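# model this:
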Amino acid sequence: MELTELYAKAQRVKLVLTDSDGVLTDNGVYYSAQGEEMKRFSIRDGMGVERLRNAGIATGIVTGEMSPSVAKRAEKLRITELHLGVKDKAARLHDILQRLQLQADEVAFIGDDTNDVEIMGLVGLAACPADATEFARQLAHYHCTTPGGHGCFRELAELIIASQGAAANNRQPVFPEQQLLHTSH
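As a prediction, this is how the structure comes out:
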């Protein structure tokens, strides 16, 4: 994909949706005899949520898991668009688009595995962490240089914020050269 096309996709984004495990977390989970105990989240990703909010861009989590720790993290970040236990992410996207009166090309989604590919094929800007599966990598417009749970959501957020800020100032966005090498189809 040409960089100008990537910037154009990022400039249209009004909502950034993300998977949780493998994107906001490092794919690890700690279990005790009582069940799931802890997941690791990146503080940088939390700042990405805040920076998007300050730029007027909404965020949300769409995950197949019914995880209390994801719900707590969403509460801490003041993410109200929280969808837990979603088995059909494409159908949930359709519901979100109707409710928020958005078009699919106004949504970005970052996912890392097979359960994300259908929704990734429907949104205007699809991204994946550096350590995503090949299934997700094949559909992503943007491949983050950062792995899941270590700031990949923040990386996508900065791409969107820079693209929209540049458009508002009628100039091209500026990104570290390393990131520009990781665009796809």
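# please make it C-alpha for all contacts and neighbour counts, starting now.
Will do.
# Glu37: what secondary structure?
strand (DSSP: H, G, I helix; E, B strand; the rest coil).
# how near is it to Thr18?
22 Å (CA to CA, to the nearest Å).
# quick check: Ser42 touching His150?
Yes. The criterion here is CA atoms under 8 Å, and Ser42 meets it with His150 at 5.4 Å.
# identify the contacts common to the two.
24-25 (CA atoms under 8 Å, 6 or more residues apart in numbering).
# who's more crowded, these two?
His150 (22 against 18; other CA atoms under 10 Å).
# look up phi and psi at the more buried one.
Phi and psi for His150, reported as degrees, to the nearest 10, are phi -130, psi 20.
# which ones are touching it?
24-26, 41-42, 44-45.
# of those residues, buried ones?
24-26, 41-42, 44-45 (16 or more other CA atoms under 10 Å).
# so which of those belong to helices?
44-45 (DSSP state H).
# which intervals of the chain have sub-threshold pLDDT?
166-185 (pLDDT under 70).
# in the lengthiest helix in the chain, which residues are buried?
Secondary structure of the chain per DSSP H: the longest helix is helix 152-168. Neighbour-count burial for helix 152-168, with 16+ other CA under 10 Å as criterion, is recorded at 152-166.
# circling back: now, which of the buried ones among the contacts of His150 sits nearest Gln11?
Taking CA to CA as the measure, Gln11 lies nearest Asp45 of these, at 20.0 Å.
# out of Glu37 and Thr18, which sits in the busier spot?
Neighbours around Glu37 and Thr18, counted as other CA under 10 Å, are more numerous at Thr18. The numbers are 24 against 13.
# for Gln34, see how far away the more buried one is.
For Thr18, the distance to Gln34 - CA to CA - is 27 Å.
# same check, this time on Gly165
Counting by CA to CA - Gly165 and Gln34 are separated by 47 Å.
# just Gly151 next, same as before
29 Å.
# so which pair among the buried ones among the contacts of His150 is furthest apart in space?
Asp26 and Arg44 (13.1 Å).
# what strand or helix carries Tyr7?
helix 3-11 (DSSP states H and E).
# alpha carbons of the helix or strand hosting Arg51, as PDB, please.
Arg51 belongs to helix 43-54 when elements are defined using DSSP H and E. The C-alpha trace of helix 43-54 is given here as PDB (Å, rounded to 0.1, in the frame of the first residue of the first chain):
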ATOM      1  CA  ILE A  43       0.700   1.800  30.100                       C
ATOM      2  CA  ARG A  44       1.700   3.200  26.800                       C
ATOM      3  CA  ASP A  45      -1.400   1.800  25.200                       C
ATOM      4  CA  GLY A  46      -3.400   3.500  27.900                       C
ATOM      5  CA  MET A  47      -1.900   6.800  26.900                       C
ATOM      6  CA  GLY A  48      -2.800   6.000  23.300                       C
ATOM      7  CA  VAL A  49      -6.400   5.800  24.400                       C
ATOM      8  CA  GLU A  50      -6.200   9.100  26.200                       C
ATOM      9  CA  ARG A  51      -4.400  10.800  23.200                       C
ATOM     10  CA  LEU A  52      -7.100   9.500  20.800                       C
ATOM     11  CA  ARG A  53      -9.800  10.800  23.200                       C
ATOM     12  CA  ASN A  54      -8.200  14.200  23.300                       C
END
